[in-house]
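**Student:** Sharing a model that was predicted from the sequence below.
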Amino acid sequence: MLTYANFHLTYILPVICVLALIVHPFINRSEIFKIGFISGIAVLYTTPWDNYIIMRGAWTFPADQLIAVIGYVPVEEYIFFVLQTVIVSLWHLLCARWSTPCLHFNHDKRSYQLIRWIPIAVLTAVMVTGYWISVPGTGTFYLGCIMWWIAPVYIFIWYGAGNYIVTKLTSSAVSVLVPTVYLCWIDQIALKANIWHINVGTSLNLFVAEDLPFEEALFFLLTSICVVLGLSCYDKARGMCETYSHEFPHRFGINLTYLNQMCRAFIKPEYAMSSVVTDDIKTSIEILREASKSFNAASFLFQSGIRLDLIILYAFCRVTDNIIDDETDVLRKKCKLNVIEKFVNELFADRKSDYDVKTVPYTAKVDWAYYQSELTGEEMASFRAVSRIAFYLPRKPFYELIAGYQWDIEGRLVRNEEDLLLYSSYVAGSVGTLCVYVMLYRCDNDVYDVFGEDDYVIEKARQMGRVLQLVNIARDIITDSETLGRCYVPTEYMDDEEQEIHILCNEKKPRSLGNKKLKKYSTRMIHLANKLQSDSVGAIRCLPRETRGSVLAATEIYRGLTSAIQSSQTYPTRASITKLERIFIGIYSLYVKSIQYVV
Ligand SMILES: CC(C)=CCC/C(C)=C/CC/C(C)=C/CC/C(C)=C/[C@@H]1[C@@H](COP(=O)(O)OP(=O)(O)O)[C@]1(C)CC/C=C(\C)CC/C=C(\C)CCC=C(C)C
């Protein structure tokens, strides 16, 4: 016989286990807190209502199939409030985590108010109607009770997050409909097995499918919507905090200060916040999407706050790199490098040492009028964006990047592997360091553990940066030569150093070296990269738990380029891997390879 407890064991818990397994790489403390918080509210809000309608006879439960009853409600029913919330929440996480919250902010006051108030007016009417038709003992009782019970929650959530939710209609609809259909299906099973019974005297006796009363389907639809709305309102509030760190300065923590901040962020309409901030982020996202398929794909694996700041950093590194590369005249290159250096000087003017960082956001004194006349709109956007997150970043890696650009401007040759590693340290070891600071600050640990240059994890992050830069150089021998007249292949690898440098840097005809030579050079650099990689990859274990799988996947997706180079008969121009390969490497790294960091 299928009892209520067996029903949970058969139809609910296995689904939760499968979903938990799928979403585990994306679960962090904030997500767990969110699900716990919404489940708690679900229990508190539903308990009086459920007791009331059972007391009025809308549902009945055969007493011999229950573990116990508290008030009028079976214990298993209370458990169901939580389990349904967990199922919908895990599924919603899978559907909704892929987009960055600030892309869903509406900064237009007029449309914001319309989207806010029209549904609230309709919901108020629903609530009042529900109240009038919920007369005990009549056929509209159950329907009316559902209406007056659910509408106030919708109204509350819609007030703060309605505008956010309407821009996520597709993912919200999928988040709602799939669990609803499943819950309706198992509801039919439960009704057939007489685990619970709907009173014909207090329902409309309309059926949407065999043995599925209209009110039951409506109940599961509306409660699933309710959970998704609740989750979305948390996401909106968190998105506001991550986007506007200066206005909402507290990092995630399970404490009153953070909860208070989240409430303020929930209530605050997006039109009251600066749209320049979100526009700058949109520009940064566009820069990443256009410049690097690998990092763009990898960015989706990180939780939204980390993703956002990595994208901002990427855009800054990319535009500064381009500022130097796109300029042909050496003198003008130097002037542009001075502009970048002046900006970095201003950004970090009050730091006491190379790795001194702040934990509370502050606005650095930057001479924006000066940069306005020196930079394009896109460059300004990424400079502004990085200035908002610079408070928790150390200055040293930015100066290393500048040293790397200086190297390029001087046309300094890479004589040996030592030079190669030094150059890679400047332009990519620095990036590795910055990535660690982003992950530490934006992860959900209560304490922000700051590392310094000498720390093991920073050293290994620098090394991982070098690895990726070596891959980058091994892939780009042709484009570096043809478009920039540059060569990063160590001259000690070459048979005739002078002649080959002339071919690569002056004639810009790299193909005349022949495939064999080009492949030989790139293979040597790939071997060096692999050696360093196996020495640094273990340090991923020292990063915050929720970032480990994503960091491994990000670096592996980029390293996937090496197999594209090596599997080619000839030396390819800018080897790349397909979207499918990126997805496969991402999934394999997240679910299989990263097990080493869990056990
Ligand atoms: C997921 C995500 C969005 C990450 C962004 C990371 C980031 C801020 C990258 C900046 C890239 C950049 C433009 C730097 C300027 C200098 C340069 C050109 C460096 C090369 C990058 C390649 O970028 P590109 O746009 O050319 O890409 P495509 O080849 O066109 O696809 C580099 C190869 C450097 C990349 C280095 C890193 C991302 C550092 C990796 C290290 C970690 C993540 C730390 C790991 C931690 C431990 C403990 C091991």
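**Tutor:** Everything's here; your move.
**Student:** List the contacts of the nearest residue to Val427 once chain neighbours are set aside.
**Tutor:** Counting by C-beta to C-beta, 6 or more residues apart in numbering, Val427 lies nearest to Gly404, which is 3.6 Å off, once chain neighbours are set aside. Where C-beta positions appear, they are placed from N, C-alpha and C, glycine not excepted. By C-beta atoms under 8 Å, 6 or more residues apart in numbering, the residues touching Gly404 are Tyr423, Tyr426, Val427, Ser430.
**Student:** Return the residues in contact with the residue of the stretch 151-300 of the chain found nearest the ligand.
**Tutor:** Closest contact between the stretch 151-300 of the chain and the ligand, by C-beta to the nearest ligand atom, is at Ser292 (3.3 Å). The contact partners of Ser292, by C-beta under 8 Å, 6+ apart, come to Tyr314, Arg318.
**Student:** What ranges does the stretch 251-400 of the chain have for its strands?
**Tutor:** Under the criterion DSSP state E, counting those that start in this stretch, the stretch 251-400 of the chain contains no strands.
**Student:** Pull up the residues of it that are close to the ligand.
**Tutor:** Residues of the stretch 251-400 of the chain lying near the ligand by C-beta under 6 Å from any ligand atom: 288, 291-292, 294-295, 298-299, 310-311, 313-314, 317-318, 321.
**Student:** For PyMOL, write the select line for the buried members of the residues you listed.
**Tutor:** The command below creates a PyMOL selection of those among those that count as buried (16 or more other C-beta atoms under 10 Å):
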select buried, resi 288+291+294+295+298+299+310+311+313+314+317+318+321
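**Student:** Between the two ends of stretch 414-429, what distance do you get?
**Tutor:** Length of stretch 414-429, first residue to last, C-alpha to C-alpha, to the nearest Å: 17 Å.
**Student:** still on that earlier bit, tell me which of the contacts of Gly404 fall in helices.
**Tutor:** Tyr423, Ser430 (DSSP state H).
**Student:** Kindly reformat the contacts of Gly404 as CSV and extend each row with neighbour count.
**Tutor:** Below are the contacts of Gly404 laid out as CSV (neighbours: other C-beta atoms under 10 Å):
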residue, neighbour count
Tyr423, 21
Tyr426, 24
Val427, 23
Ser430, 25
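**Student:** Tell me the one among the contacts of Gly404 nearest to Thr60.
**Tutor:** Ser430 (67.9 Å; C-beta to C-beta).
**Student:** any idea how far that closest one lies from Ile323?
**Tutor:** In this view, Ser430 and Ile323 are 17 Å apart by C-beta to C-beta, to the nearest Å.
**Student:** Check the gap between the closest residue to Ile323 other than its chain neighbours and the ligand for me.
**Tutor:** In space, and not counting its chain neighbours, Ile323 is closest to Lys336: 5.1 Å by C-beta to C-beta, 6+ apart. Separation of Lys336 from the ligand (C-beta to the nearest ligand atom, to the nearest Å) stands at 15 Å.
**Student:** Count the residues that sit near Lys336.
**Tutor:** Lys336 has 21 neighbouring residues, counting by other C-beta atoms under 10 Å.
**Student:** cool, and Val208?
**Tutor:** Around Val208 there are 13 residues (other C-beta under 10 Å).
**Student:** Tell me the predicted confidence for it.
**Tutor:** Val208 carries a pLDDT value of 89.
**Student:** That one - nearest residue in space that isn't next to it in sequence?
**Tutor:** Leaving aside its sequence neighbours, Val208 sits nearest to Ala217 (C-beta to C-beta, 6+ apart; 4.6 Å).
**Student:** Can you give me the separation between the residue in the stretch 1-150 of the chain positioned nearest to the ligand and Ala291?
**Tutor:** Here the stretch 1-150 of the chain gets closest to the ligand at one residue, Thr100, 11.4 Å apart by C-beta to the nearest ligand atom. Distance, Thr100 to Ala291, by C-beta to C-beta: 17 Å.
**Student:** How about the residues of the protein by the ligand?
**Tutor:** Checking the chain against the ligand by C-beta under 6 Å from any ligand atom, the hits are 288, 291-292, 294-295, 298-299, 310-311, 313-314, 317-318, 321, 427-428, 431-432, 435-436, 457, 460-461, 464-465, 468-469, 472, 536, 539-540, 543, 551, 554.
**Student:** quick one, longest helix in this structure?
**Tutor:** Every helix in the chain considered (DSSP H), the longest is helix 214-243.
**Student:** and that one, what other elements does it pack with?
**Tutor:** helix 29-55, helix 75-96, helix 141-166, helix 169-192, strand 207-209, helix 256-267, helix 275-291, helix 304-326 (3 or more C-beta pairs under 8 Å, 6 or more residues apart in numbering; DSSP states H and E).
**Student:** Those: lowest mean pLDDT?
**Tutor:** strand 207-209 (a mean of 90).
**Student:** Can you tell me the strand partners of that one and which way each runs?
**Tutor:** strand 212-213 (antiparallel) (DSSP bridges).
**Student:** on that earlier part again, list the contacts for the residue nearest to Ile323?
**Tutor:** Counting by C-beta under 8 Å, 6+ apart, Lys336 touches Ile323, Ile324, Glu327, Glu374.
**Student:** Please read off the pLDDT at it from the model.
**Tutor:** pLDDT, Lys336: 96.
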